[in-house]
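Asks: Task: produce atomic coordinates for the following.
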Amino acid sequence: MDKILRVKMGSKPEYAVEELGDYAGLGGRALTTKVVYKEVPPLCHPLGPENKLAIAPGMMSGSAAAISGRISVGCKSPLTGGIKESNAGGQAAQVMARLGYAAIILEGESPEGKLYTLVVKKDEISLVEASDITGLNNYDAVEKLVAKYGDKAAYMSIGTAGERKLAASSIACTDVELRPTRHCGRGGVGAVMASKGIKAVVLDDAGCSMRQPVNADAFKAANKLFVQGIKAHGVSGQGLPAYGTNVLSNVINEAGGFPTNNFSKGQFPNVHKISGETQAETEIARGGKATHGCHRGCVIQCSGTYVDKDGNYLTKQPEYETVWAHGPNCGIDDLDAIAMMDRMDDDFGLDTIEMGATIAVAMEAGLAKFGDADAAIKLLQEVGDGTPLGRILGSGAAVTAKTYGIERAPVVKGQAMPAYDPRPIQGIGVTYATTPQGADHTAGYAIATNILKVGGFVDPLKPQGQVELSRNLQIATAAIDSTGMCLFIAFPILDQPETFNAFVDLINAFFGLSMTADDVTALGKSVLTMERDFNKAAGFTKEDDRLPMYFKREKLEPHNAIFDVTDEELDQVFNW
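Replies: Alright, predicted model coming up:
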């Protein structure tokens, strides 16, 4: 990856291929963060021409390195008002990396409201008016794109939620089956893509070869050890392949941290109906799949295929956060209804976490009753239809709560919390509060150590040790997000020193480097420092690194827990 494609939108859209310059050696989150940090005015409007959307495959994407197919999208977020990195699996990262692009940077604004398809091939780049797919949702849009550009390309697209510039809108990436099921979901990145006048990106690497390592023998040896470590770990090698990410439902419910009915309870009585075990059994019995990879080269295979009662494809296997968001958080225990809402989110182009949290807030506001799956589907359809109510809901949980006068809005920096209550799992509460991204479990996945006892154990019910835990995990995650590796490699590399060493050796062999563990840490710190500095310049203060007050006031059963990490402790997270 030795070049950048910069696309300037306006009355006369144009593009230019540039050298890497200051972005040399970076990938994924490190690259998107640096682009936003260097090139985007922190006080600009997220949907204005001054904002930019950076798309970057990871450092290792496009190579034979296992599980290296994550792609990052960065911008100033219309949901949080701060910096955003949102990433996804699917085929886009691998294909874009093989095309040789370290980043595609979209800038300017949509010319006269028109939308374009950006087509990137080995020896050809074009901007084509997207009149044929404008107004279509992701499934129909991708079907038309595949018919036009072929089934060997990878596709990124926005649905009608993105076209309407809704703050909960996502960017879809196609999976191996060319379905728009892998989403850069968080932060409203779909709205920013629309504001740049881009409906879809076609990535076609025909004629391109796989990226080759500098030291082939060392690379092959390190990759073999790396894969062995992933497959040997109980979480990445057994639990996730068998039951997908939804294996966590029973685990988190048992721990009392499974947010139910808009974070008012910590356990869901009917968890057995929507658990990963039940989900896998249902998929297999109907002829779907419980084990599947979202991109080629994945060795964990934690995805799946969900089919309806007649055996027809409905959606990819809903992730744990999606099952929780549209299920227990809304009091719903119907897997088919949850899968339908997952399909709708993917089609409209919406973040499943944000929408599930928003519908739960709407239920608390009296727009529907907790447990009413039909009503939840109708509320989601309002977003797809673009009605006035739908535009409110599509703007996220914080806006919906403010509109209807609801205090219990589980958000930080305007972004909804995922599927772990921070009161009985205090480490994740520290991450929610302090990550520059807004409430985000992936930014520093304290569940690993608080609940799964990966990398040691820190008592989830006590404030002691949580700041250090979150700090270390946020640093490590920022580095992993820059490599293009799936975050789930964190389980084996936290528990198995030899797997961590293989991970570092893999990078070194590919680039001909001599990085150490300290260099990995330094990379993570540099990313977080840029993100923090951008947010500070955008007007964020330490007061934005806080959970909503009710998490300190309302006790959560069964532990009667409150979040009691002090503000003074939260302010120490980034003191390194």
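
Asks: so what are the domain limits for this protein?
Replies: 3-203, 246-419 (automatic domain parsing).

Asks: mind listing what's buried in stretch 295-309?
Replies: Within stretch 295-309, the residues that count as buried by 16 or more other Cβ atoms under 10 Å are His295, Gly297, Cys298, Val299, Ile300, Gln301, Cys302, Ser303, Gly304, Thr305, Tyr306, Val307. All C-beta spots, glycine's among them, are computed from the backbone N, C-alpha and C.

Asks: oh, I was asking about stretch 133-143
Replies: Ile133, Thr134, Leu136, Asn137, Asn138, Tyr139, Ala141, Val142.

Asks: separation between the second one and Ser110?
Replies: Thr134 sits 11 Å away from Ser110 when distances are taken as Cβ to Cβ, to the nearest Å.

Asks: check contacts around Lys76.
Replies: Taking Cβ atoms under 8 Å, 6 or more residues apart in numbering as the criterion, Lys76 is in contact with Val36, Val40, Pro42, Cys44, Pro46, Asn51, Gly82, Ile83, Lys84, Val192, Ala538.

Asks: rerun that using 10 Å as the cut-off
Replies: Lys76 sits next to 36, 40-48, 50-53, 82-84, 187-188, 192, 534-535, 538 when contact means Cβ atoms under 10 Å, 6 or more residues apart in numbering.

Asks: Distance from the helix or strand of the chain with the lowest mean pLDDT to the middle of the chain?
Replies: When the helices and strands of the chain are scored by mean pLDDT, DSSP states H and E, strand 289-292 comes last with a mean of 83. Here strand 289-292 is found 20 Å from its chain centre; the criterion is Cα atoms, centre = their mean, to the nearest Å.

Asks: so where's this structure shaky on pLDDT?
Replies: Along the chain, the model assigns pLDDT under 70 to no residue.

Asks: Overlap of the contact sets of Thr134 and Ser110?
Replies: Tyr116, Glu163, Lys199.

Asks: List the buried residues in the longest helix belonging to the chain.
Replies: As assigned by DSSP state H, the longest helix anywhere in the chain is helix 517-537. Burial within helix 517-537, assessed by neighbour count using 16+ other Cβ under 10 Å, is assigned to 520-521, 523-532, 534-535.

Asks: Can you tell me which of those residues comes closest to Glu382?
Replies: Glu382 lies nearest to Asn535 out of these, by Cβ to Cβ, at 32.0 Å.

Asks: Not counting residues beside it along the chain, what's closest to the closest one?
Replies: Gly82 (4.3 Å; Cβ to Cβ, 6 or more residues apart in numbering).

Asks: residue contacts, that neighbour?
Replies: 36, 42, 46, 76, 187, 413-415, 436-438, 531-532, 534-540, 544.

Asks: Repeat that for Tyr445.
Replies: Per Cβ under 10 Å, 6+ apart, neighbours of Tyr445: 420, 427-428, 431, 452, 454, 470, 473-474, 476-477, 487-488, 490-491, 494.

Asks: In helices only, show me those.
Replies: Per DSSP H, these map to helices at Gly427, Ile428, Thr431, Ser470, Leu473, Gln474, Ala476, Thr477, Ala490, Phe491, Leu494.
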